[in-house]
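Enquirer: I need the structure of the sequence given here:
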Amino acid sequence: MIDLNHHISNYLYHCKNHKTLSPHSLKAYSIDLRQFIEFMKATNGELNRDNLSDFIAEMHKKYKPKSAKRKIASVKAFCNYLFFEGIVDNDPFARIQLRFKEPFVLPKTIPLSVISTLFEKMYGDLHKETNTSKQRNRIIRDIAVLELLFATGVRVSELCSLKAEDVDLLYGTVKINGKGSKERVVYIGNHEVIAALKKYKQLKDTSAGNSPQVFFFENTYHHPMSEQSVRHVIDNYTEKAGISQHLTPHMFRHSFATLLMEEGVDTRYIQKLLGHSSIVTTQIYTHVATSQQKEILTVKHPRNKLNLK
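Expert: Got it, this is the predicted structure:
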């Protein structure tokens, strides 16, 4: 019987320092593996096929397919590590056949009209004469956050970890460090977005003085803006604008991709913009674009212009 606590700690250290996983992935691995330890306490403690099969069945019983798949994959990767390091003689997952049936769910997007309403509210609030200096500064930052989310399709974790030098407003580029330390550069082609980011950067430079700036979006303690703060910004303006739809940071990413797809942008180019390692992941947006076809063809098909008697 092996000491799971000890080896999981070593494995998480390995993931952090050798596999260079993101903090988000490390947190998920840690949660999943600690849960696995709790499950194993109720067994004989042996890392064998029977116990792993029971664990898999338990995950399928407790969680939705996507969550169960992730938790099982975390344990499988840990077992592979144990075998590779020679801690166990055989990979206990080797003779277990995994089958997952995930429901096909289209990504949730935000209609362009709703995005317009949201931005109109933010810019409208910015120009209120009753704003205090602090309120105005906060709105300038909030506008920059949402403009950059929508302009680049960046993940919220990537947005919060952007370094000050990653955003080049002279050339209109944003260098994004994505999953698996994969780097990509996204261009900002809209002058209004550039102007909003410049206004925020000018404000940030003035308030920072001689203090070093590490992150592009920082709080008052010069720590990176948290993902929860980004969600709060969205929730705040969604409520102010009277928008009934619940909006999330990731929906801006989905909308970015879907709207580009509807404009005829090549799927492989969108794949690069999003930082997807496989085009299969990107192709889900073709389903969303296809769902608009009925409306488009009903309203805009040239056959409607034929007035036959």
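Enquirer: and the host helix or strand of His6, what does it pack onto?
Expert: Element membership for His6 (DSSP states H and E) is helix 4-17. For helix 4-17, the packing partners by 3 or more CB pairs under 8 Å, 6 or more residues apart in numbering; DSSP states H and E come out as helix 23-41, helix 65-84. From N, CA and C alone the C-beta is placed, and that goes for glycine too.
Enquirer: Check the secondary structure at Lys128 for me.
Expert: When classified by DSSP: H, G, I helix; E, B strand; the rest coil, Lys128 comes out as coil.
Enquirer: where's it relative to Leu118, distance?
Expert: According to CB to CB, to the nearest Å, Lys128 and Leu118 sit 17 Å apart.
Enquirer: Those two: which is more packed in?
Expert: Leu118 (21 against 10; other CB atoms under 10 Å).
Enquirer: Verify the stated contact: the more buried one with Lys240.
Expert: No: using CB atoms under 8 Å, Leu118 makes no contact with Lys240, being 9.0 Å away.
Enquirer: Mutual contacts of those two, please.
Expert: Common contacts of Leu118 and Lys240 (CB atoms under 8 Å, 6 or more residues apart in numbering): none found.
Enquirer: Need the CA coordinates for stretch 190-198. PDB is fine.
Expert: This file holds the C-alpha atoms of stretch 190-198, laid out as PDB (Å, rounded to 0.1, in the frame of the first residue of the first chain):
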ATOM      1  CA  ASN A 190     -10.900  48.800 -33.500                       C
ATOM      2  CA  HIS A 191      -9.800  52.400 -32.700                       C
ATOM      3  CA  GLU A 192     -12.400  52.800 -30.000                       C
ATOM      4  CA  VAL A 193     -11.100  49.800 -28.100                       C
ATOM      5  CA  ILE A 194      -7.500  51.200 -28.400                       C
ATOM      6  CA  ALA A 195      -8.700  54.600 -27.200                       C
ATOM      7  CA  ALA A 196     -10.400  53.000 -24.100                       C
ATOM      8  CA  LEU A 197      -7.300  51.000 -23.300                       C
ATOM      9  CA  LYS A 198      -5.100  54.100 -23.700                       C
END
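Enquirer: What are the contacting residues of that stretch?
Expert: Outside stretch 190-198, the residues that touch it by CB under 8 Å, 6+ apart are Ile140, Ile143, Ala144, Glu147, Leu148, Ala151, Val167, Leu169, Gly172, Ile188.
Enquirer: go on, stretch 30-47?
Expert: Stretch 30-47 is contacted from outside by 1-2, 4-5, 8, 11-12, 51, 54-55, 58, 70-71, 74-75, 78-79, 82, 88, 92, using CB under 8 Å, 6+ apart.
Enquirer: repeat that with 7 Å
Expert: Stretch 30-47 is contacted by residues 1-2, 4-5, 8, 12, 51, 55, 58, 70-71, 74-75, 78, 88, 92 when judged by CB atoms under 7 Å, 6 or more residues apart in numbering.
Enquirer: now it: how far from the chain's centre is it?
Expert: Relative to the centre of its chain, stretch 30-47 is centred 29 Å away, using CA atoms, centre = their mean, to the nearest Å.
Enquirer: what's near enough to touch the spatially most central residue of the chain?
Expert: Nearest residue to the geometric centre of the chain (CA atoms, centre = their mean): Arg155, 3.5 Å. Taking CB under 7 Å, 6+ apart as the criterion, Arg155 is in contact with Arg253.
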